[in-house]
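Participant: Whatever this is, show me its structure:
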Amino acid sequence: MTPPGFATDTLISEDIDGYLRAHQHKEMLRFITCGSVDDGKSTLIGRLLYDSKMIFDDQLAALEADSRRVGTQGQNIDFALLVDGLAAEREQGITIDVAYRFFTTDKRKFIVADCPGHEQYTRNMVTGASSADAAVILVDARKGILTQTRRHSWIAHLLGIRHIILAVNKMDLVNYDVAVFNRIMLTYRAFASEAGLGQFTAIPISGFVGDNVTSKSANMPWYQGPSFIEHLEKLPLGDAAAMAGPMRLPVQWVNRPNLDFRGFAGQIAGGSIALGDRVRILPSGTVTSVSGILVGDSARENAQAGESVTLTLADEVDCSRGSVIAAIDAPPEVADQFEATLVWMADEAMIAGRSYWLKLASQNVSVSVQAPKYAINVNSLEHLAAKTLELNAIGVVQLTTDKPIIFEPYKANRTLGGFILIDKMTNATVAAGMLHFALRRAQNVHWQAIDIDRDMHAAQKGQRARLLWFTGLSGAGKSTIANLVERKLYAAGRHSFLLDGDNVRHGLNKDLGFTEADRIENIRRVGEVAKLMADAGLIVLSAFISPFRAERDMVRAMMAEGEFIEIFIDTPLEDAEARDVKGLYKKARAGQLANFTGIDSPYEAPENPEIRIDTRTMRAEDAAEMIVERLLADG
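Facilitator: Predicted coordinates:
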C-alpha cells in the first residue's frame with residue numbers, strides 16, 4: 001500500500017505532462033541525516049526512497065538480492081543498501097562517503113544527504129551540511145545520546161542549519177516505550193541549551209519498520225506530533241536571516257552577448273530586488289539603479305533571495321565577477337583581516353603563515369592563516385591551545401587577505417560569510433570556514449597617500465625596481481653569486497641592497513626557528529621588507545633557501561608585474577653536501593640539526609624560474625655576469 005502523500009505513480013501513468021508540471025513548481029528542501037555509527041541513517045533514507053516509489057524494478061530486485069547476500073536484516077529488505085553504495089560501506093555496514101538522494105511527495109521535493117557517523121569522516125559531514133536547510137540527528141533508542149550525536153549537532157549548528165530534528169530511531173527495539181523517548185529528549189534538550197542550539201523537534205520513529213516515517217504509527221499512540229515526512233513538508237524554506245536582510249547579489253558572470261546588452265548574473269544571496277531600486281556596487285561604491293530583471297528568458301518586476309537572475313543597470317558602471325550588487329542604504333562590509341572558524345579537511349595539517357586561495361561567493365583572493373587562537377573540542381565544547389589544525393579539527397583563527405573582500409558575518413548571510421581554502425599547489429580544498437567579523441585593526445588602519453611614489457623613486461635613480469630572488473639548497477652558492485651580482489651592479493652605478501638569509505636571522509628574524517611554520521614566516525617578513533625597498537626604487541637581491549613554492553609565489557604576488565625575478569641556483573644535493581662549508585649537512589646527518597632542507601625537510605624546486613643557473617656547468621663569476629647582463633638589458 002502506498003503511504004499517504006506518496007500517491008504519484010497513478011498520475012505518472014495517466015498524465016505524464018501533468019505530473020511534470022506539478023513537480024516543476026514544487027518547493028525543494030535539502031536536509032542531512034547524521035548521528036552516531038549504526039543509528040540507522042541509511043535505513044531511514046532507504047525507507048523513504050522505497051515508500052516514495054523512487055526505486056526502479058531492477059533496483060528493487062538487486063536490493064532484495066543484496067539484502068540476502070550482505071544485508072543485516074536477515075531475510076528482510078535492508079534499506080540501508082539503497083544508500084551505502086561503496087563496496088567498503090557494504091562490507092562494513094557503515095557510511096563513509098556522503099550519499100545524496102532525491103525523492104518527492106505531493107507537497108514538496110527533497111534532496112537528502114546521508115552523512116557518515118565516524119569521527120574520521122567529519123569533513124564529509126561538513127560537506128553535506130554546507131547547503132542543507134535542516135539536519136536530522138538520529139539516535140538509537142537503545143543507546144541514547146552519544147558523543148557523535150553531540151558532535152554532529154554542534155557542527156550542524158555551527159554551519160547555520162536552523163531546523164534540527166531529533167529522530168529517536170529503532171523504537172521497535174525498545175517496545176515503543178514512551179519513557180525511553182522522553183529520557184532521550186530531555187537529555188538532548190539539556191545539551192542543546194548548553195550548546196546554544198535553540199529549538200528542535202523530537203520524533204520517535206522506526207526506519208526499518210516504518211513507524212512515524214511517512215504516516216502516524218498505531219504503535220505509539222502516546223505521540224501526538226506529526227510524522228517525520230509531515231514535519232519535513234511543513235518546514236520553512238530558505239535562510240530566514242538572508243531573506244529578511246538587505247539585498248545582496250554576488251556577481252558570478254557579466255553577460256555580454258552583443259554590444260546592446262550587458263547583464264550581471266548571479267544568485268541573490270539576501271533580500272529582494274525590484275525594478276527601479278537604487279543599488280550600490282562594491283567594492284567601487286558606485287551607485288546606480290536596476291533597469292531590468294531577467295530570470296532565465298523571462299522579464300520580471302522583482303526577485304528574491306535564492307533566485308538566479310540577470311540584472312541590467314541604468315548606468316555604465318565598474319562591475320565584474322567578484323563584485324557585489326547591494327542595497328544602497330545597507331551595503332555589506334569590506335575588509336582584509338578577519339576572525340573565523342575553520343574546519344580543517346586535508347590530511348596534511350594546517351601550516352600557520354602559509355598562503356592559500358580563499359573562495360568566498362564569487363571572490364577569489366590569496367589569504368594567509370595565523371596559528372589558531374584555540375581549537376574546539378566538539379565533544380566537550382572546551383577551548384584547547386593549538387599550534388595547528390589537523391584533519392577534522394575545528395578552531396578559531398585570524399585571516400589576512402591580500403586585498404579587501406566583500407563579506408558579512410556567517411550568521412547574517414551564509415553566502416557572504418562562508419568560504420573554502422584551496423591549496424595553491426594541488427588545488428585541493430583543504431578547509432571550510434565561517435567568518436565572524438572583521439578585526440578592528442583592519443578598519444582602523446588605512447593607506448596614507450604619499451606624493452613621491454615608487455616610480456618616481458626609481459626614476460630618480462635611473463633604474464627600474466627589481467627583486468632578484470635567489471633560491472636553492474644550502475651550499476648551492478646563492479649568497480656567493482648574489483654578492484657578485486651586487487658588486488657588478490654597484491660598479492655600473494645601480495642602487496641595490498642585498499638581503500642575505502643568515503644576516504636577516506641575526507636581527508629581524510632572530511626570533512624564528514626552522515620549523516615549517518617559522519620558515520614561512522621568515523620568507524613573509526623578508527618579502528615585505530623587499531617590497532618596501534622596491535618601493536624606494538632599489539634593485540633588491542634576496543638570497544634565501546626559501547624551500548616552498550607557495551611562499552616564493554606569495555612574495556611574487558607582493559611585487560608589481562615583472563619586478564620579481566626568480567633565480568634558481570640549481571645544485572644537486574650531493575654537490576651541496578660535499579661543499580658543506582658551514583658543517584650543517586654533517587650536523588643534520590648526525591641528527592643534531594632538525595628540519596634541515598634536503599635532509600629531513602623538503603625543497604620544492606622552481607618549475608619555471610626566470611633564470612636557472614646550473615652550477616655544474618657555470619662558474620659563479622660567469623653566472624653573475626649573465627644575470628647582470630639580463631637585468632640591464634631589460635631596463
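Participant: C-alpha only now, for contacts and for neighbours.
Facilitator: Noted.
Participant: In this protein, which helix is the longest?
Facilitator: When the chain is parsed with DSSP state H, its longest helix is helix 516-535.
Participant: Rounded mean pLDDT for that helix, please.
Facilitator: The average pLDDT within helix 516-535 is 90.
Participant: Which elements pack onto it?
Facilitator: Under the contact definition 3 or more CA pairs under 8 Å, 6 or more residues apart in numbering; DSSP states H and E, helix 516-535 sits against helix 454-460, strand 466-471, strand 539-543, helix 549-558.
Participant: Thought P572 was touching D614, still the case?
Facilitator: No: here D614 does not reach P572: they are 9.3 Å apart, not a contact under CA atoms under 8 Å.
Participant: Helices of the stretch 351-500 of the chain, start to end?
Facilitator: 414-417, 440-444, 454-460, 478-491 (DSSP state H, counting those that start in this stretch).
Participant: Would you mind saying which of those helices lies nearest A557?
Facilitator: Closest approach to A557 among the helices of the stretch 351-500 of the chain (CA to CA): helix 454-460, 16.7 Å.
Participant: re earlier: highest mean neighbour count out of the helices of the stretch 351-500 of the chain?
Facilitator: helix 414-417 (a mean of 25; mean count of other CA atoms under 10 Å).
Participant: Quick check: neighbours of the helix or strand containing I281 in the sheet, parallel or antiparallel?
Facilitator: Assigned by DSSP states H and E, I281 belongs to strand 278-282. Its sheet considered, strand 278-282 pairs with strand 286-295 (antiparallel), strand 324-327 (antiparallel) by DSSP bridges.
Participant: Quick one: mean pLDDT for it?
Facilitator: 93.
Participant: Pull out the buried positions in it.
Facilitator: By 16 or more other CA atoms under 10 Å, the buried positions in strand 278-282 come out as 278-282.
Participant: Wait, E390 touches M350, no?
Facilitator: Yes: with contacts counted by CA under 8 Å, E390 reaches M350, the gap being 6.6 Å.
Participant: per-residue confidence for N377?
Facilitator: 87.
Participant: And for G635?
Facilitator: Looking at G635, the pLDDT reads 66.
Participant: likewise K234?
Facilitator: 90.
Participant: Can I get the buried residues of strand 278-282 in JSON lines including distance to V378?
Facilitator: Shown next, in JSON lines, are the buried residues of strand 278-282 (distance: CA to CA, whole Å):
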{"residue": "R278", "distance to V378": "44"}
{"residue": "V279", "distance to V378": "41"}
{"residue": "R280", "distance to V378": "40"}
{"residue": "I281", "distance to V378": "39"}
{"residue": "L282", "distance to V378": "37"}
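Participant: Out of these, which comes closest to N608?
Facilitator: Closest to N608 out of the buried residues of strand 278-282 is L282 (35.7 Å), distances taken as CA to CA.
Participant: residues contacting that closest one?
Facilitator: Residues counted as contacts of L282 (CA atoms under 8 Å, 6 or more residues apart in numbering) are 319, 323-326, 406.
Participant: Just grab the bridge partners of it for me.
Facilitator: Residues in beta-bridge contact with L282 (DSSP bridges): V324.
Participant: For R321, see how far away it is.
Facilitator: Going from L282 to R321 by CA to CA, to the nearest Å gives 11 Å.
Participant: immediately after the lowest-mean-pLDDT helix or strand in the chain, which helix or strand?
Facilitator: Lowest mean confidence among the helices and strands of the chain (mean pLDDT, DSSP states H and E): helix 87-92, at a mean of 41. Using DSSP H and E, the helix or strand that follows helix 87-92 in sequence is strand 99-104.
Participant: Show me which residues of that next one are buried.
Facilitator: Within strand 99-104, the residues that count as buried by 16+ other CA under 10 Å are 99-101, 103-104.
Participant: same deal with stretch 282-291?
Facilitator: Neighbour count says stretch 282-291 has 282-283, 287-291 buried, by 16+ other CA under 10 Å.
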